[in-house]
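J.: Let me see the structure of the following:
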Amino acid sequence: MPAFAYRAASASGRTVRGVEEAESAPALERQLGARGLYPLHVAPASAADAEPRRAGFRGRRADVVEAVRYLATLLDAGFPLDRALGAVARVVARQDVAQAVADARERVRGGAWLEQAMAAHPRVFPRFAVGMVRAGERGGHLAQALDRLAGQMEREQALRSRLASAMVYPAVMLTVGAGALAVLFVYVLPRFVALLEDTGSTLPRSTATLLAAGRFVSDWWMAIVLVLAALVGGLAAWRGTDEGRAATDRILLGVPVIGGLKRRAAAARLGRSLSTLLSSGLPILPALEVAAESQADAAVAAEVLRVREEVRAGDRLAPSLRRTGIFPFVFVQMVDVGEESGRLPEMLDRGAAAMEGELERRLDRMLRLLEPLLIVVFGGIVGFVALSLLQAIYGIRADAF
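T.: As a prediction, the model looks like this:
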């Protein structure tokens, strides 16, 4: 049968695009209408419509969000999961995401759950996405779970984009400042050392220390670069292991500024995922297990699993979360109110929203302080270098020349 590209509107007002096979364009319009879609445009599909488009400079996460949102819309419109996955695979932009969706479709056709098919592609679908899809499938609310998943991924992507945009200026400044200091220590100071040694003058302590540092960097810069590269590579390899990942995540949770940001991000993700799982009808114990898998932080995931065991033993959720020492006081209080009032999913969602708002405000304040801090640091270093050199120059006897 021929393939047709279509654009239709769902009952909620969203625009749906796709490519499907049908006997004719009117036949496809009738099929779309039977699913609750209103055809806006139907035309024979060209080769460009049938093949995944190139993503250009878009990141993978943006295309995964688009694929999840599109899949949720199709399922909500009544598409069978098999056909919905096929339509998503045809229109998603990035080739690797399209291949992952197509492979998931084949696995679903073979009898696998969608969450199992997604778990086979961890580089495309993050763990928390697999966990939320699992809850939606088990609770019979897959379209709703996918819709909430897309919303959560969009919020996280927007936060990452804001952070990346705000870090451009500090990163450029840090790179330029480090390059200037490297030139100063490798090329300028060694030549200044020769000049001062010819005078035979006694150097001030600050100048002697600076010149010794410059001589060390100039003589051993290659070894310094190799040692730093080895340390970074070794740390990355250790971080790739389960033990290393858990240890580094726990260390970062204890860092004053970064730890606070990570705690709020973990609380927001736990609140969103646990609210979706409980709203989908999943009991609290399996919901906590899936929510633990949704955490990107291994240390937080271990604590959530420990909370699950305490809840299994008969404890309430809020006191167990408080004892972890990870989740902020406001979030735990909202969980406590939700348990007492019988509105736990709603209060978890509100707590997650509160944590996301606080996380954004803290990031904004941190980035505003970072720029002047870099200026002060590099200005202090350059000022110390200039003062040390000037002290040496003023100490040179005129007859030494």
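
J.: Find the nearest non-adjacent residue to residue 359, please.
T.: Of all residues not flanking residue 359 in the chain, residue 264 sits nearest, at 4.3 Å (Cβ to Cβ, 6 or more residues apart in numbering). Every residue, glycine included, has its C-beta placed from N, CA and C.

J.: Can you tell me the element that neighbour falls in?
T.: helix 256-279 (DSSP states H and E).

J.: Pull out the buried residues from that helix.
T.: For helix 256-279, the buried set under the neighbour-count rule, 16 or more other Cβ atoms under 10 Å, comprises 260-279.

J.: So what's the gap between that helix and the chain middle?
T.: Averaging C-alpha positions (Cα atoms, centre = their mean, to the nearest Å) puts helix 256-279 13 Å from its chain's average.

J.: same deal with stretch 140-148?
T.: Per Cα atoms, centre = their mean, the centroid offset for stretch 140-148 relative to its chain is 22 Å.

J.: Output that stretch as CSV, restricted to C-alpha atoms.
T.: These are the backbone C-alpha positions of stretch 140-148, laid out as CSV (Å, rounded to 0.1, in the frame of the first residue of the first chain):
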residue,chain,number,x,y,z
GLY,A,140,-2.8,1.0,32.5
HIS,A,141,-2.0,4.7,32.1
LEU,A,142,0.8,4.6,29.5
ALA,A,143,-0.3,7.7,27.6
GLN,A,144,-0.6,9.8,30.7
ALA,A,145,2.8,8.5,32.1
LEU,A,146,4.5,9.4,28.7
ASP,A,147,2.9,12.8,28.8
ARG,A,148,4.1,13.5,32.3
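
J.: Next, the buried residues of it.
T.: Buried residues in stretch 140-148, defined by neighbour count with 16+ other Cβ under 10 Å: 141, 142, 143, 144, 145, 146, 147, 148.

J.: Pull the most distant pair out of those.
T.: Based on Cβ to Cβ, the longest span within the buried residues of stretch 140-148 runs between 142 and 148 and measures 11.0 Å.

J.: Where does pLDDT dip in the stretch 151-300 of the chain?
T.: Along the stretch 151-300 of the chain, the model assigns pLDDT under 70 to residues 163, 166, 190, 193-194, 196-203, 280.

J.: buried residues in stretch 180-188?
T.: Buried residues in stretch 180-188, counted by 16+ other Cβ under 10 Å: 184, 185.

J.: quick revisit: of the buried residues of stretch 140-148, which is the nearest to residue 75?
T.: The shortest gap between residue 75 and any of the buried residues of stretch 140-148 belongs to residue 143, at 3.9 Å (Cβ to Cβ).

J.: ok, then the element right after the helix holding residue 264?
T.: Assigned by DSSP H and E, the successor of helix 256-279 is helix 284-294.

J.: How is this protein divided into domains?
T.: Domain assignment for the chain, taken from automatic domain parsing, gives 3-164, 167-401.

J.: wouldn't the residue nearest to residue 359 be in contact with residue 363 here?
T.: No. Contact criterion Cβ atoms under 8 Å: residue 264 and residue 363 do not qualify, at 9.6 Å.

J.: returning to what we had before: most packed of the domains of the chain?
T.: domain 3-164 (a mean of 18; mean count of other Cβ atoms under 10 Å).

J.: So what would you say the end-to-end distance of it is?
T.: Criterion Cα to Cα, to the nearest Å; first-to-last residue distance in domain 3-164 is 41 Å.

J.: neighbouring contacts of stretch 152-166?
T.: Among residues not part of stretch 152-166, those counted as contacts by Cβ atoms under 8 Å, 6 or more residues apart in numbering are 61-62, 64-65, 68-69, 128-129, 132, 269, 272-273, 356, 359-360, 363-364, 367.

J.: Can you show me the helices along the stretch 251-400 of the chain?
T.: Taking DSSP state H, counting those that start in this stretch as the criterion, the stretch 251-400 of the chain contains helices spanning 256-279, 284-294, 298-312, 317-324, 329-341, 344-395.

J.: Please apply the same query to the stretch 101-250 of the chain.
T.: With DSSP H, counting those that start in this stretch applied, the stretch 101-250 of the chain shows helices at 114-119, 127-139, 142-166, 168-183, 189-199, 205-239, 242-254, listed in chain order.

J.: Which one, of those, ends up nearest to residue 336?
T.: Nearest to residue 336 among the helices of the stretch 101-250 of the chain is helix 242-254; the distance by Cβ to Cβ comes to 22.2 Å.

J.: And that closest one, how far out from the chain middle?
T.: Centre-to-centre, helix 242-254 and its host chain are 17 Å apart (Cα atoms, centre = their mean).

J.: Counting by contacts, list what that helix packs against.
T.: For helix 242-254, the elements it packs on are helix 205-239, helix 256-279, helix 298-312, judged by 3 or more Cβ pairs under 8 Å, 6 or more residues apart in numbering; DSSP states H and E.
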